[in-house]
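Asks: Quick one: sequence and predicted model below, then my questions.
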Amino acid sequence: MAVLALDILTTAGILFVVSSGLLIILGVMKLINFAHGAFLTVGGYTAYSVSAAGYSPWLSIPAAAIFGFVGGLVVERLIVRPLYDRPLDAILATWGLGIVIGQLITLGFGRGVQFVPTPLAGTTELLGVDYSAYRLVVAIVAVLLVIAMSALLKLTRFGLNARAVIMDETLARGLGIDSTRVRAWTFGIGAALACAAGALITPLLSVDPNMGLPWLVNSFMLVLISGVSFPSLFVASLILGGAQVVVSTYANPILGGMTIVVIAALVLRINPKGFSRG
Amino acid sequence: MKIPHLVFGLGLGLLSMSAQAQETIKIGIPVGLSGANSVVAPSVVQASELAVEQINAHGGVLGRELELIIADDESGAQGAQRAYDSLVFQHRVDAIVAMETSAARNAGLPIVNRGQIPYIYTSFYEGKSCSPWMHINAWVPEQQVAPIVDQFMNELGAKSFFLIGSDYAFGRGMLEFTREYVEANGGEVVGEEYLPMDGSDWTAIISQLRSANPDALITSTAGGAPNVTLTKQLRTSGVNIPYGNYAVDEGTAASMGSDAEGIYIAASYITGIDSKANAEFREALRAKFGDDTETPNELSVPQYEAILAYAMAVEQAGTTDAEPVVEALSEVTVEGPRGSITMDKQRHAPLTMYLGQIQGDGSVSVINSFENVDPGEQCPQFAE
């Protein structure tokens, strides 16, 4: 039972971490970022480059965040901003961007699987069972991230502006809020979160040009039912991730792989607002 | 005036092409230059080129040179259909020698049957694929499973096994055979779980493994990402029981480093095989490709040997006609890097299998070798 509880908690943590970058971009910019999977992959390769250069694997996570933030600002300026008035085209553009990033990575690093050293190997004892120490770290990071991102939105000037843009962009601009700047920062933060998440999960995954892709669909579903709230994204991760673990454990893992998508579709059918209260 | 010239020129071109076609013997090589097999494909192409170069340097076959025609099968069924169509009906190849996925082989076989040409399949696979035109010189589950399971049961005293695989024909085929073999030898399988090919979250399966508390673990995932994610997640969960892995080869082991330490593998080719033929083969590869040499492996060496086998079969038959060549393919013996190999057991080959264990630095140490392991009943309709 303790193992099941820890499996659910850590799976939810991983899901939350990989989805949070998608959530903030969708919330503030009303843009579904299909390049999210590619951003995760970029984070994985940043981790690979950092450790290949001989630095501590722990450094790879902040390095990926910084790289993602700068890259996100550039992408926003060059690709997303010119398409603000054409939301559907902007979504298509992020899809294309994802393909381009994937191909650039293939050109640069090859198709093969790269290996990144694990910063924290082995298990630790918790609730009377030996459990993967690194998974617990990811779960703790997820909880800290919920607090940090909620604080960013609720307690800072940027958060206030962002929430104004979310509620009514025209009115926000009328009040003198530079919504273009808010959008640029949001995209940067979203890309930074995605890249950092990619770096964070590499010790559990293989680094290859498609590593982010399997996460895109589940992230997308979680974000759709969460509205624009990090706590509700965490709740969604806990419930849907938990369902996935339970189905995988007691039925079979092939059905488990579909659980999140199916439940998300049901939730949206019954309550189009999903888990968000806003 | 211009148009007749053009037609005349074209006709001349076609004539010279057909004249050339009579001179060379064409071997079609469908291989996954893109897709899942693209990592290993370069080594397979190099092995094929080396074989053809060596044969041509010795005067070719029946006084004719060999020529390779390489086609990308995109590692899957649809790409294979295009590749085989083009090789068989446009290029009119005399034979096909193919290292590719089971999906690609299954898609290509009907085209080979229509084209009626000799076909040698050179990838290990799940077994029991039979066609009047096909020979296979790589291992099947019967040859791969026994060394690992025997080691675990006899040397390490394992009684209960847990099996984990990717959900596809090869993964399930290998593990089903493993289950039968374990149970036939008095062992017990306490769990058998699969994840889809693109799945990367092994959490629930690993927890089940830990609660089942087996003596040994055997995995059969797709190569590449699924294999790596499973191994990494096993390591971070502190699973330390004997671990046999059907999807790890030497190259993967070398790059996985400490994550792969202790894993048992069984293979018909390991670069460290101490024989003159293997040393000469590796030297010839290096001489031809220099710094671009791909490390020879379990998939590229059978490809090399299969082309030698085809050349010998044509020589023995005295013709490239399909039926006598196919007959000769069951008789000729190739002395290659893996030893002497004859595809005389229902179109399959008895092979010497090596049991290896991966060391901390990623190298493979050979623990045991098993001479001429029989492939068992694969295609009884071709029994002698």
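Replies: Arrived safely, thanks for sending. Residues are numbered from 1 along each chain as shown, chains lettered A, B, ... in the order given.

Asks: So which residues of chain A form helices?
Replies: Applying DSSP state H to chain A gives helices spanning A:2-29, A:36-52, A:60-75, A:87-109, A:133-155, A:157-167, A:169-174, A:179-201, A:213-224, A:230-250, A:253-270.

Asks: and the angle from the longest one to helix A:60-75?
Replies: Angle, helix A:2-29 to helix A:60-75, by axes from the mean of the first three to the mean of the last three Cα atoms, to 10 degrees: 20 degrees.

Asks: So which bits of helix A:2-29 are buried?
Replies: With burial defined by 16 or more other Cβ atoms under 10 Å in any protein chain shown, the residues of helix A:2-29 counted as buried are A:3-4, A:6-29. For the C-beta atoms, the positions are set from N, CA and C on the backbone; glycine is no exception.

Asks: filter those residues by proximity to chain B?
Replies: Checked against chain B using Cβ under 8 Å from any Cβ of the partner chain, the buried residues of helix A:2-29 give the following subset in range: A:3-4, A:7, A:10-11, A:14.

Asks: Pick out whichever of these sits closest to residue A:269.
Replies: For those, the closest approach to residue A:269 (Cβ to Cβ) belongs to residue A:11, at 24.0 Å.

Asks: State the pLDDT value of the closest one.
Replies: At residue A:11, the predicted lDDT confidence score is 90.

Asks: Quick one: residues contacting it.
Replies: Residues counted as contacts of residue A:11 (Cβ atoms under 8 Å, 6 or more residues apart in numbering or on different chains) are A:241-242, A:244-245, B:201, B:203.

Asks: now residue B:35
Replies: With contact taken as Cβ under 8 Å, 6+ apart, residue B:35 is in contact with B:74-76, B:79.

Asks: What residues sit buried inside stretch B:376-384?
Replies: Using 16+ other Cβ under 10 Å, the residues of stretch B:376-384 that count as buried are B:376, B:378-379, B:382.

Asks: what's the offset of that stretch from the middle of its chain?
Replies: Its chain's C-alpha centre and that of stretch B:376-384 lie 20 Å apart, by Cα atoms, centre = their mean, to the nearest Å.

Asks: could you give me the average pLDDT of that stretch?
Replies: The average of the pLDDT scores along stretch B:376-384 is 84.

Asks: Up against chain A, what does the stretch 151-300 of chain B have?
Replies: By Cβ under 8 Å from any Cβ, the residues of the stretch 151-300 of chain B that approach chain A are B:167, B:193-196, B:198-201, B:203-205, B:207-208, B:210-211, B:224-225, B:227-229, B:232-233, B:235-238, B:252, B:255-257, B:259.

Asks: and if we set it to 6 Å?
Replies: Proximity of the stretch 151-300 of chain B to chain A is assessed by Cβ under 6 Å from any Cβ of the partner chain, with B:167, B:193, B:195-196, B:198-200, B:203-205, B:207, B:224-225, B:228-229, B:232-233, B:236-238, B:255-256 identified as the residues in range.

Asks: I'd assumed residue B:295 was in contact with residue B:46.
Replies: No - in terms of Cβ atoms under 6 Å, residue B:46 does not count as a neighbour of residue B:295; the distance is 10.0 Å.

Asks: more neighbours, those two?
Replies: Set residue B:46 next to residue B:295 and count neighbours by other Cβ atoms under 10 Å in any protein chain shown: residue B:46 wins out with 20 against 13.

Asks: near chain B, which residues of the stretch 1-150 of chain A?
Replies: Looking at chain B, the residues of the stretch 1-150 of chain A close enough under Cβ under 6 Å from any Cβ are A:3, A:7, A:11, A:111-113, A:115, A:122-123, A:130, A:132, A:134.

Asks: Let me know the closest of those residues to residue B:67.
Replies: Checking the residues of the stretch 1-150 of chain A next to chain B against residue B:67 by Cβ to Cβ gives residue A:111 as the nearest, at 28.1 Å.

Asks: What about the closest one, how many residues nearby?
Replies: One way to gauge burial is a neighbour count; for residue A:111, by other Cβ under 10 Å, it gives 17.

Asks: again with residue A:101
Replies: Using other Cβ under 10 Å, residue A:101 is surrounded by 21 other residues.

Asks: try residue B:254
Replies: Neighbour count for residue B:254, taken as other Cβ under 10 Å: 16.

Asks: Hmm, residue B:363 and it touching each other?
Replies: No - taking Cβ under 6 Å as the definition, residue B:254 is not a contact partner of residue B:363, at 7.1 Å.
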